[in-house]
Structures are given as C-alpha cells and as structure tokens.
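In: below are the sequence and a predicted model for it; my questions follow.
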Amino acid sequence: MPKRLNLVILGKQGAGKGTQCERLSARYSIPHVSTGDILRSAIQVDSTLGRSVASILDAGALVPDDVVIKLVEDRLEELDARGGALLDGFPRTIAQAEALEDLLGDDGIKLCINLEVPTELATQRLSTRRVCQECGSIYKETDVEAISGTCSKCGGDVIQRADDYPDAIRQRLEAYVSSTEPLLAFYEARGLLVTVNGDQKPDDVTVAIQSEISLRGLG
Ligand code: ADP
C-alpha cells in the first residue's frame with residue numbers, strides 16, 4: 001500500500017490556511033480535515049455536540065482537547081482518509097499533537113507547514129472577512145457577495161462569523177500564541193517543520209508550499 005500523506009498546516013487565524021488547504025487537498029487527493037468546519041457544521045445542524053460547543057466558538061476560546069481528539073480520530077477512520085489527510089486547525093495544543101502521534105503511529109505526520117503572517121495582517125484579514133454559511137466560500141467585506149449578503153456560488157447567506165468580531169479575534173489570536181505556537185518547536189524538534197511566508201499572493205503561497213512538499217519527495 002502506498003504511504004499515507006499526512007500533513008499539518010499551522011498558522012494564525014487569517015493566515016490563509018483555508019484557501020491553501022482547498023488547493024492542496026485537490027492537488028494531492030487527500031481530504032481537507034478542518035476541525036473548525038466540523039464544529040461549525042455540528043452547530044448548524046444543532047446536534048448535541050454543536051449545542052455543547054457553540055458558546056465556546058462564539059467566544060473564540062478552545063474546545064476541550066478530548067472532544068476534538070475524538071472528532072479527528074473518527075474522521076481519520078473514514079475511507080477517504082486512507083491515503084492521508086491535510087489537517088487544518090488540529091492539532092492546536094501539545095496534548096492534541098501527542099494524541100495525533102499516537103493515533104497515526106509509524107505512518108505519522110510527514111510535514112508541518114507553518115504559514116506565517118504578521119499579527120496586524122491577520123487581524124485585518126479576519127475583520128474584513130465574510131463567509132457563506134452554506135458552502136463556506138470566503139469573501140472580503142467589499143465584495144458584491146458581502147454587500148448583497150448572497151453567495152454567488154450557491155445562493156447561501158453571506159455573513160460575518162461571530163468569532164470575526166474584534167473581541168473574539170483578540171481572544172483567538174491570544175489562544176494561538178499561548179497554546180498553538182509551542183507546536184512549532186514540537187514539530188521542529190522532529191525535523192518536520194517548514195515555514196512559508198503567507199504574506200504573498202495566494203498563488204505564490206501555493207507554489208511555495210508545493211515546492212517544499214516535492215523537495216522532500218512527498219508529492
Ligand atoms: P480559526 O483558526 O480561524 O479560529 P477554525 O475554523 O480553525 O478557526 O476554528 C474555529 C473555532 O473552533 C476555534 O476558535 C475553536 O473554538 C474551535 N476549534 C477548532 N479546532 C480546534 C482544536 N483543534 N482545539 C480546540 N478548539 C478548536
């Protein structure tokens with residue numbers, strides 16, 4: 001059986017992870033596993049999980065480790081993740097990273113891509129970001145879809161995420177520094193970390209990430 005391509009993408013909120021993950025997922029035929037998307041879907045369908053995490057997401061705080069670890073465990077058991085997965089938003093704490101190592105065993109993470117952007121740029125991107133509630137497409141506040149409130153791809157409602165308001169943005173970026181940044185050293189120590197400048201055109205970011213992946217003979 002071919003090796004699994006398990007990739008982790010790290011970076012502040014607003015670094016552009018979602019955009020890059022869509023492209024990389026298509027390019028390497030591995031599913032984009034975003035814990036934020038899974039949690040938001042649970043909230044939208046009003047499941048027990050959704051009801052238990054809704055206020056945490058609105059505040060921009062972190063969902064307990066055991067909850068997200070179980071979500072990822074279940075997701076990685078699905079058929080489409082057999083050849084690997086692109087993990088976005090997970091791991092976010094050292095405890096999650098250790099759980100992921102246990103989960104994947106020998107065929108573990110092949111590369112951790114750190115998409116780096118300055119905090120001011122991240123804040124600006126988040127506060128002007130609008131999203132389609134149905135298909136997740138991302139727009140800027142000045143785009144016609146954001147102004148009309150209607151997604152041009154699926155007709156869904158285009159809104160400002162509750163956690164893209166200033167207090168929640170601040171809280172999320174603080175959580176990133178205190179809980180997630182330590183993961184850079186975690187993956188660096190394993191020789192798996194590569195840093196890519198996220199402050200360039202999306203196409204250039206994609207090229208930079210793909211060349212890091214091919215440099216390592218991973219794709
Ligand atoms: P962002 O990175 O822009 O904050 P995400 O879509 O990755 O957005 O996550 C949205 C929210 O979902 C987070 O603020 C947090 O409340 C929750 N969440 C997502 N992934 C995790 C995780 N791995 N651990 C804890 N909470 C998480």
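Out: Good, I have the coordinates. Numbers count the residues shown, from 1 in each chain.
In: show the contacting residues for the residue in the chain that the ligand sits nearest to.
Out: Nearest to the ligand in the chain, going by CB to the nearest ligand atom, is G36, at a distance of 1.8 Å. Using the backbone N, CA and C atoms, a C-beta is placed for each residue, glycine as well. Taking CB atoms under 8 Å, 6 or more residues apart in numbering as the contact definition, G36 lies against 57, 88-89.
In: wait, is it part of a helix?
Out: Yes. Counting by DSSP: H, G, I helix; E, B strand; the rest coil, G36 falls inside a helix.
In: returning to that earlier point: quick one: least confident of the contacts of G36?
Out: Among those, L57 has the lowest pLDDT, at 93.
In: from R40, how far out is it?
Out: Per CB to CB, to the nearest Å, L57 is found 7 Å from R40.
In: just list the residues touching the residue nearest the centre of the chain, thanks.
Out: Note on the chain: the residue nearest the mean C-alpha position is D88, at 2.9 Å, using CA atoms, centre = their mean. Counting by CB under 8 Å, 6+ apart, D88 makes contact with 9, 17-18, 21, 32-36.
In: quick one: which of those is nearest to A189?
Out: I9 (18.4 Å; CB to CB).
In: does the closest residue in space to R216 that isn't next to it in sequence belong to a helix, a strand or coil?
Out: Leaving out its chain neighbours, the residue that sits closest to R216 by CB to CB, 6 or more residues apart in numbering is L111, at 6.4 Å. Per three-state DSSP, the local secondary structure of L111 is strand.
In: and the pLDDT for L111?
Out: 97.
In: beta partners for it?
Out: L7 (DSSP bridges).
In: that one against L7, yeah?
Out: Yes. Contact criterion CB atoms under 8 Å: L111 and L7 qualify, at 5.4 Å.
In: between those two, which one's more packed in?
Out: A side-by-side neighbour count of L111 and L7, using other CB atoms under 10 Å, places L7 first with 24 against 21.
In: is it true that the more buried one touches G108?
Out: No. In this structure, L7 is not within contact of G108 by CB under 8 Å, at 11.0 Å.
In: of the contacts of D88, which is the nearest to D143?
Out: G18 (15.9 Å).
In: element containing that closest one?
Out: helix 17-28 (DSSP states H and E).
In: give me the buried positions along that helix.
Out: 17-18, 20-25, 28 (16 or more other CB atoms under 10 Å).
In: low pLDDT regions in the chain?
Out: Applying pLDDT under 70 to the chain flags residues 1-2.
In: again, 50 this time
Out: 1 (pLDDT under 50).
In: so which residues on it come close to the ligand?
Out: Residues of the chain that fall close to the ligand, judged by CB under 6 Å from any ligand atom: 13, 35-36, 39, 56-57, 60-63, 68, 89-90, 92, 96, 163, 172.
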